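A.B. asks: Provide a 3D model corresponding to the input given below.
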Amino acid sequence: MGNPGARLSAYRDWQSQQQSVIDAAKHGPLQSLTPRELDVREQPMTIYPQPRRVQAWVRFGPEALRVDAKLVRSTPLAAGIEFRAGEHTYRCWVWGNAVQLDDDTT
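C.D. replies: Below is the predicted model of the structure:
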């Protein structure tokens with residue numbers, strides 16, 4: 001049946017992250033790497049049909065925070081991620097070293 005305390009803790013962590021993203025979004029737009037930084041004309045891109053769960057550092061204006069996200073595409077140096085907060089889905093490109101695969105990712 002599982003541990004109800006662990007499920008409640010995970011739910012509260014999720015709620016806290018959702019609120020952190022909503023609050024951070026008030027400080028500025030979600031930042032993403034530029035086309036020049038991505039250099040997609042010269043760098044190969046991988047698109048993941050089944051996105052992998054990751055944790056990634058993102059920045060809204062001057063405010064940085066770590067979010068649970070999905071890795072949807074990548075280049076050798078960058079990761080295209082998406083994550084949700086409330087009713088909004090955010091998508092951006094971040095440097096690859098700002099992303100860590102979740103331990104339970106298969």
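
A.B. asks: This structure: strands as residue ranges?
C.D. replies: 46-60, 63-74, 78-85, 88-95, 99-101 (DSSP state E).

A.B. asks: So which elements touch the shortest one?
C.D. replies: Put plainly, it is strand 99-101. Contact here means 3 or more CB pairs under 8 Å, 6 or more residues apart in numbering; DSSP states H and E; on that basis strand 99-101 packs against strand 46-60, strand 63-74. C-beta: built from backbone N, CA, C; applies to glycine.

A.B. asks: hang on, the earlier thing: so which of the strands of the chain is the most packed in?
C.D. replies: strand 78-85 (a mean of 21; mean count of other CB atoms under 10 Å).

A.B. asks: I'd like the helices and strands packed on strand 99-101 written out as CSV, with mean pLDDT and distance to R12 added.
C.D. replies: As requested, the helices and strands packed on strand 99-101 are exported to CSV (pLDDT from 0 to 100; distance: least, CB to CB, whole Å):
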stretch, mean pLDDT, distance to R12
strand 46-60, 95, 17
strand 63-74, 95, 14
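
A.B. asks: Specify the stretch among the ones you listed that is closest to L38.
C.D. replies: With CB to CB as the measure, strand 63-74 is the member of these nearest L38 (10.2 Å).

A.B. asks: contacting residues for the one residue sitting closest to the centre of the chain?
C.D. replies: What sits nearest the mean C-alpha location of the chain, by CA atoms, centre = their mean, is A69, with 3.5 Å. Neighbour list for A69: 53-56, 58, 81-83, 99 [criterion: CB atoms under 8 Å, 6 or more residues apart in numbering].

A.B. asks: contacts for the helix ranked longest in the chain?
C.D. replies: As assigned by DSSP state H, the longest helix anywhere in the chain is helix 4-25. Residues outside helix 4-25 that contact it (CB under 8 Å, 6+ apart): 60-61, 63, 65, 67-68, 83, 85-86, 88, 90.
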